[in-house]
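[1] Give the three-dimensional model of this entry:
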Amino acid sequence: MMFRRSAERAAIEGRFARLTRPLAFAAIAAALLSPALVSAQQPTAVIPKQIIYPGETIEASMLEVVDVTNPDLADGYIGSLEEVEGKVTKRTLLPGRVILASALRDRYAVERGSTVRLIFNNGGLTITAAGSPLEDAAVGELIRARNIDSGVIVSGTVMADGTVHVVAK
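    Next up is the predicted model:
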């Protein structure tokens, strides 16, 4: 026994096919293009080309950028050269291993034992003196420094020009 489609049913199926055909083509095109989009957004990591020892300033020639292929790699690694260049290492960096952000620090603006200018501002009063930092520090860090003339230890913030702005007690 054979069944025949009614004319009304055939018309409905024809309209449905005309509407779904472009959607099917769009879905196929998206499926084919999605690997290209995924590879364009693939994360990158910065790795050393050579051993970099603690205290060394990092330069672009020491590094290379590679695609991250391990999906289980934990976050916290450096992804671009701009994040690394000019920083100083805290620990040994090995070739072929990702560089963790925690393994880097900014360059020190003042170093322990050097001579710096201590500046104290309070309203219209400005006092300057020679001082010696008691610790290494980068710009923006709060440190202790000894006034060379009086021997008094003060606390202050390291500025970009290498001065220490003393905070009032």
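[2] got the contact list for whichever strand or helix holds T157?
    In the assignment (DSSP states H and E), T157 maps to strand 153-158. Contact with strand 153-158 is made by 109-110, 118-120, 131, 134, 137-147, 164-167, as judged by CB atoms under 8 Å, 6 or more residues apart in numbering. All C-beta atoms are positioned from the backbone trio N, CA, C, and that covers glycine.
[3] among those residues, which are in strands?
    Mapping those onto strands (DSSP state E) picks out 118-120, 131, 142-147, 164-166.
[4] Torsion angles phi and psi at the spatially most central residue of the chain?
    Residue closest to the average C-alpha location in the chain (CA atoms, centre = their mean): E83, at 4.8 Å. Torsion angles at E83 (phi, psi; degrees, to the nearest 10) stand at phi -70, psi -20.
[5] ditto for A60
    phi -60, psi -30.
[6] Mind picking out the helix or strand in this structure with the poorest mean pLDDT?
    helix 7-40 (a mean of 60; mean pLDDT, DSSP states H and E).
[7] so after it, what's the next helix or strand?
    strand 44-48.
[8] Return the set of buried residues in that next one.
    45-48 (16 or more other CB atoms under 10 Å).
[9] try stretch 92-109
    93, 98-99, 103-104, 108-109.
[10] Specify the residue ranges that define each domain of the chain.
    What automatic domain parsing lists as the domains of the chain is 44-105, 116-166.
[11] Quick one: mean pLDDT over the longest one.
    Per-residue confidence for domain 44-105 averages out to 90 on the pLDDT scale.
[12] what's the first-to-last distance across it?
    21 Å (CA to CA, to the nearest Å).
[13] Off-centre distance for that domain?
    11 Å (CA atoms, centre = their mean, to the nearest Å).
[14] hang on, the earlier thing: reformat the buried residues of strand 44-48 into a markdown table and put distance to M62 next to each item.
    Formatted as a markdown table, the buried residues of strand 44-48 follow (distance: CB to CB, whole Å):
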| residue | distance to M62 |
| --- | --- |
| A45 | 15 |
| V46 | 10 |
| I47 | 10 |
| P48 | 6 |
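[15] buried residues in stretch 108-125?
    108-110, 116, 118-120.
[16] Tell me which two in those are the farthest apart.
    Y108 and F120 (22.4 Å; CB to CB).
[17] Now that we have the contacts of strand 153-158, which of them are buried?
    Judged by 16+ other CB under 10 Å, buried ones among the contacts of strand 153-158: 109-110, 118-120, 131, 137, 143, 145-146, 164, 166.
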